[in-house]
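K.L.:
Kindly return the folded structure for what I paste below:
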Amino acid sequence: MSEWMNDNASARPSTVDPGNTTDYRIREMEGRIERRLSSVETRYRRVAWMARLSALAFIVTLVALVVVVRTVVPTDGAWSIGHLSAEEIVLRDADGLARGVLATGEDGQAHLALSDRDGRERIRLTVLADGSPGITISDRDANPRAVIGYLSDGTTNLVFADARGVSRAVVGLDADGSAQALFADRSGTIRSLVGVGADGIPEVSTFEEEPDR
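P.N.:
Numbers count the residues shown, from 1 in each chain. Model (predicted):
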């Protein structure tokens with residue numbers, strides 16, 4: 001009887017319990033998930049720590065900035081600067097309107113322009129690239145009405161223009177000492193000339209028609 005049972009037992013095919021295999025795979029997946037969750041938690045704690053550190057650094061910087069500003073800014077609102085370097089400085093009034101510009105150009109000239117409250121330029125001080133200074137005064141329509149300039153050849157000129165921009169009077173002093181004054185009509189045609197030569201001889205001329213040029 002025992003021999004028959006042994007023979008039958010050896011003749012049975014070997015089988016694997018599917019339940020054990022399923023449990024193994026589930027445990028393996030659970031282990032992977034736990035490892036991933038642990039990695040995510042570690043990264044989260046690291047990011048949170050860096051965020052807190054950044055917030056602390058921002059607060060410290062802000063406090064330091066407030067202290068510096070309160071220390072540097074004068075109580076009367078006026079700044080005292082020993083040296084300032086800039087290619088352009090814009091002056092604004094209490095309403096924020098640009099009223100003046102101090103600037104240098106690429107062509108080598110420097111100028112200071114002052115404007116009225118409507119933004120129209122009324123006076124300009126200019127130094128050309130060759131060092132020649134000049135002043136231009138304009139009307140409310142930004143038309144130049146008076147210009148005075150000292151040129152590099154040693155001559156000084158004062159020009160007056162009307163509202164249309166036509167030069168009506170010119171007073172000049174040459175480098176040789178001669179002086180003259182020209183007066184023109186509304187078309188810009190010279191009608192009279194008054195001058196004193198370098199030798200001291202005066203000259204007065206009038207023109208009924210446009211003189212030859």
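
K.L.:
Report the mean confidence score over stretch 162-182.
P.N.:
Averaged across stretch 162-182, the pLDDT comes to 93.

K.L.:
Identify each buried residue in it, please.
P.N.:
Arg168, Val170, Val171, Gly172, Leu173, Asp174, Ser178, Gln180, Leu182 (16 or more other C-beta atoms under 10 Å). To be clear about C-beta, it is placed using only N, CA and C from the backbone, and glycine gets the same treatment.

K.L.:
same question, stretch 138-157
P.N.:
Under 16+ other C-beta under 10 Å, the buried positions of stretch 138-157 are Ser138, Pro144, Arg145, Val147, Gly149, Leu151.

K.L.:
what about the chain, any weak spots by pLDDT?
P.N.:
Along the chain, the model assigns pLDDT under 70 to residues 1-25, 30, 36-37, 40-41, 43-44, 47, 68-81, 209-213.

K.L.:
residues in contact with the residue most central in space within it?
P.N.:
The geometric centre of the chain, computed from its C-alpha atoms, lies nearest to Glu88 (C-alpha atoms, centre = their mean), at 8.5 Å. Contact analysis of Glu88 by C-beta atoms under 8 Å, 6 or more residues apart in numbering lists Val101, Leu102, Ala103, Thr104.

K.L.:
Domain boundaries for this structure, per the record?
P.N.:
14-72, 88-206 (automatic domain parsing).

K.L.:
out of those, nearest to Gly82?
P.N.:
Among the domains of the chain, the nearest to Gly82 by C-beta to C-beta is domain 14-72 (13.5 Å).

K.L.:
right, and Gly165 touches Pro144 too?
P.N.:
Yes: Gly165 lies in contact with Pro144 (C-beta atoms under 8 Å); the separation is 7.0 Å.

K.L.:
would you turn the domains of the chain into TSV with distance to Gly82?
P.N.:
Output for these, formatted as TSV (distance: least, C-beta to C-beta, whole Å):
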stretch	distance to Gly82
domain 14-72	14
domain 88-206	16
